[in-house]
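> pasting the sequence and the predicted coordinates here, then a few questions.
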Amino acid sequence: MKVIIMGCGRVGARLAGLLDIEGHQVTILDTNSYSFRRLPPEFNGTALLGNGTDEEALRKAGIEEADAFIAVTQGDNRNVMAAQIAMHIFNVPRVISRIYDPLRRQLYNSLGIEAISPTIIFAQMIKERLEK
């Protein structure tokens with residue numbers, strides 16, 4: 001599977017490494033080249049300096065042939081904007097976006113964007129631990 005990840009923070013770098021180990025073709029985009037230091041030394045994918053909301057940067061990353069696009073920057077607005085570009089302009093079959101704000105997650109899901117909120121997931125995990 002050809003996967004493009006926008007955001008090479010802790011989550012993006014970890015995901016890129018996991019997918020790469022499984023043999024997927026991974027391209028990771030970030031606006032700061034220093035972020036690529038988080039990638040594992042054995043990473044065989046492509047790390048590109050660029051903004052995932054920029055159509056030319058996405059083309060350079062190979063979005064026109066991508067099977068999946070994942071947006072995991074720190075900004076909900078950037079993530080959803082990039083997700084919409086991937087979905088509606090480039091027709092990427094699978095688009096996933098991290099959204100911190102639980103209220104926004106519901107809205108974006110209603111718009112057809114597969115949005116995951118770590119805020120909701122982590123709060124539920126803590127609640128479950130507390131109740132044990």
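Looks like it came in fine. Numbering: from 1, shown residues only.

> and Asn91, how many neighbours?
Other residues near Asn91 number 11, with proximity taken as other CB atoms under 10 Å. Yep, even glycine has a C-beta here, placed from its N, CA and C like the rest.

> look at it and report its pLDDT.
Note on Asn91: pLDDT of 97.

> out of the helices and strands in the protein, which is least certain?
Within the chain, judged by mean pLDDT, DSSP states H and E, the helix or strand with the poorest mean is helix 102-110; its value is a mean of 83.

> tell me the first helix or strand C-terminal of that one.
Following helix 102-110 in sequence order, the next helix or strand is strand 114-116 (DSSP states H and E).

> in its sheet, which strands sit next to that next one, and in what direction?
Sheet pairing of strand 114-116 (DSSP bridges) gives strand 94-98 (parallel).

> list the buried residues in the partner strand.
Neighbour counts over strand 94-98 (16 or more other CB atoms under 10 Å) mark Val95, Ile96, Ser97, Arg98 as buried.

> follow-up on the earlier one: list the helices and strands the least confident helix or strand of the chain packs on?
Applying 3 or more CB pairs under 8 Å, 6 or more residues apart in numbering; DSSP states H and E, we find helix 102-110 packed against helix 76-84, strand 114-116, helix 118-131.

> most neighbours per residue, which of these?
Compared across the helices and strands packed on helix 102-110, helix 76-84 shows the largest average neighbour count, a mean of 21 (mean count of other CB atoms under 10 Å).

> before we move on, the earlier item: and which of the buried residues of strand 94-98 is nearest to Arg37?
Arg98 (20.7 Å; CB to CB).

> now do the contacts for that closest one.
Val11, Ala71, Val72, Thr73, Asn79, Ala115, Ile116, Ser117, Pro118 (CB atoms under 8 Å, 6 or more residues apart in numbering).

> which residue packs closest to it, ignoring adjacent ones?
Val72 (4.6 Å; CB to CB, 6 or more residues apart in numbering).

> list the contacts of the one you found.
Val72 sits next to Ile5, Met6, Gly7, Gly9, Val11, Gly12, Leu15, Asn79, Ser97, Arg98 when contact means CB under 8 Å, 6+ apart.

> and if you look at Ser35?
Each residue near Ser35 by CB under 8 Å, 6+ apart is listed here: Cys8, Gly9, Ala13.
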